[in-house]
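Q: sharing a model prediction with you, sequence too.
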Amino acid sequence: MFCETIFMRKRIPWSRRLSKGVLIGFDDELFGGSRLFDPGTGEQGDEMTKTISKLMALLFLAWPSLTGLQLPASGPLPDKRPESAAPAAEPPSEAPADEAARPEDVPTPQDKPTPPAADPEKPEADDGNAQDAQGPDLPPKAAEPAADAKDASPPAADGATDTQKEEETAKPQPPSDPPPQPEDTKALAACLVDLKAIGATFEEKPAIDDETGCGIAAPITVTKLLPDVTLEPEATIRCETALQLARMTRDMLKPAAETAFQDKPKLTGILQASGYVCRNRNNAETGKVSEHAYGNAIDIAGLRFGDREEPVMIAKQDDGTAEAAFQRAFNAIACLYFTTVLSPGSDPTHQDHMHLDVVERKSGFRYCR
């Protein structure tokens, strides 16, 4: 209708309009001054661009009405929410107003338990240390009565203590007095044969089983190491300890003494200071158990040459006497037969005797001082 109106106003035939490419515009009176554009005449609208834009906007808005397109009255409905499997809560039972307002049904809060005070029998920490821990600006806390603290302690603590005691009791406790370490049967039999062959005098004794793990499974009491060398006084030790002492005396100690003391009688005795004894190392009240408590050690205090007794000595490096030279040789010789050698002067507890033992160490390590 708009187009027809425009063409009628300009009175341009339809054939001329189409053949010459007449562009449709809007009249000045209707749409604000737009005019037709005729390529043949060169006539064009002043605001052609704006007119076309308005026409396109009107067509875009009128298009749904012209084509019959309409939006649906309502959008798609969402799926129904699945019902919960949990049972519906029962409605609270109605109660009379009087019963709901009873004061005895309202729970009353309990008193907060008082924390337990320190045990009066337990010694307190040093005042200076306690003050440093609390800080210089904090005032000291007043002590509470022990009786009130025990009454106010929660019952759960007693249950926890009982449970802890039961757990400790259930745990396997190490034996406080283990039996002595058993001897290898074949090794013991071979040791006794060798000790008899070397000429030692000894007597086999029943097993020793003392407290705190001390003891010897197969002890022997030795009175002679060689037919002509005594052990004074007799000593109760393991066979291995006696055999090493006898071999050292036969192979090294006697020849060294004859070389060093040519003007003295021959070696006739070994003076021992300690064989088996149940004690800790260095006679300490606490600490590790000594090898003497297992029959592995013997202490040598001196040597006998005929009727003369010569105590062992501290051999200083700058001492050039025959006695010092022999003592240094004795210290070295002992390390070939025993795994531990503490010579005189090696520490404060070994000033007047030598400690020798046959304890086994990893990789055959020997400790000689």
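A: Okay, I see it.
Q: only C-alpha atoms from now on, for both contacts and neighbour counts.
A: Noted.
Q: what's the domain layout of this protein?
A: 2-64, 185-368 (automatic domain parsing).
Q: for the helix ranked longest in the chain, the averaged confidence score.
A: Ordering each helix of the chain by length in residues (DSSP state H) puts helix 48-67 first. The average pLDDT within helix 48-67 is 75.
Q: kindly report the same for stretch 252-271.
A: 95.
Q: repeat that for stretch 189-201.
A: The model assigns stretch 189-201 a mean pLDDT of 98.
Q: ok, residues contacting it?
A: The contact list for stretch 189-201, computed with CA atoms under 8 Å, 6 or more residues apart in numbering, reads 222-227, 239-240, 242-243, 246-247.
Q: at 10 Å what do you get?
A: 183, 185, 187-188, 202, 204, 220-231, 238-244, 246-247, 250 (CA atoms under 10 Å, 6 or more residues apart in numbering).
Q: what about the strands in this protein?
A: With DSSP state E as the criterion, the chain has strands at 201-204, 208-209, 215-216, 220-226, 229-237, 267-274, 297-305, 308-311, 340-342, 354-357, 367-368.
Q: quote the end-to-end distance of stretch 273-289.
A: 18 Å (CA to CA, to the nearest Å).
Q: contacts for it, please.
A: 208-216, 219, 221, 232-238, 241, 290-302, 348-350, 352-355.
Q: if any of the residues you listed are buried, put those into a PyMOL selection.
A: In PyMOL, a selection of the buried entries from the contacts of stretch 273-289 looks like this (16 or more other CA atoms under 10 Å):
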select buried, resi 208+209+210+213+214+215+216+219+221+232+233+234+235+236+237+238+241+290+291+292+293+294+295+296+297+298+299+300+301+302+350+352+353+354+355
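Q: want to throw the strands of the chain into JSON lines with distance to Ala57?
A: Below are the strands of the chain laid out as JSON lines (distance: least, CA to CA, whole Å):
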{"stretch": "strand 201-204", "distance to Ala57": "128"}
{"stretch": "strand 208-209", "distance to Ala57": "117"}
{"stretch": "strand 215-216", "distance to Ala57": "116"}
{"stretch": "strand 220-226", "distance to Ala57": "126"}
{"stretch": "strand 229-237", "distance to Ala57": "123"}
{"stretch": "strand 267-274", "distance to Ala57": "124"}
{"stretch": "strand 297-305", "distance to Ala57": "118"}
{"stretch": "strand 308-311", "distance to Ala57": "131"}
{"stretch": "strand 340-342", "distance to Ala57": "113"}
{"stretch": "strand 354-357", "distance to Ala57": "116"}
{"stretch": "strand 367-368", "distance to Ala57": "110"}
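Q: any stretches of the stretch 251-369 of the chain with poor pLDDT?
A: In the prediction, the stretch 251-369 of the chain carries no residues with pLDDT under 70.
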